[in-house]
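Colleague: no sequence on this one, just coordinates:
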């Protein structure tokens, strides 16, 4: 079974992504656990804060790495690149755990 974790800004993101994940899993006959939602309220700040704590716990070995991690925040006139950089900053060091460059 695959473990899927969501970090989302609001209920709309959560509803959409959960439905998408379940549909894709069913289409590809993949058994999943979850998706677990770690943040679904409080906007971008809450998502980034909780994502940072998740990454910190992951680096320390306090939690195990999910099979899929989905992060969804609005661009709000900032655009994809700036939002991506914010997410990457919060997850700094996780790539090393995964053996990624």
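Modeller: Received the coordinates, thanks. Predicted model only: the values in this text are computed from it and were never measured. Numbers count the residues shown, from 1 in each chain.
Colleague: so where's the protein uncertain?
Modeller: For the chain, the stretches with pLDDT under 70 are 40, 93-101.
Colleague: those strands in it, which residues are they?
Modeller: In order along the chain, the chain carries the following strands (DSSP state E): 2-8, 32-39, 68-72.
Colleague: tell me the angle of the shortest one relative to strand 32-39?
Modeller: The one in question is strand 68-72. 40 degrees (axes from the mean of the first three to the mean of the last three CA atoms, to 10 degrees).
Colleague: how about the helices in the chain?
Modeller: 11-27, 43-59, 80-90, 94-98 (DSSP state H).
Colleague: Deepest-packed of the strands of the chain, please.
Modeller: Ranked by mean neighbour count under mean count of other CB atoms under 10 Å, those are led by strand 2-8, which reaches a mean of 21. Any C-beta I mention is one placed from the backbone N, CA and C, and that applies to glycine too.
Colleague: And that strand, what does it pack against?
Modeller: Taking 3 or more CB pairs under 8 Å, 6 or more residues apart in numbering; DSSP states H and E as contact, the helices and strands that strand 2-8 lies on are helix 11-27, strand 32-39, helix 43-59, strand 68-72.
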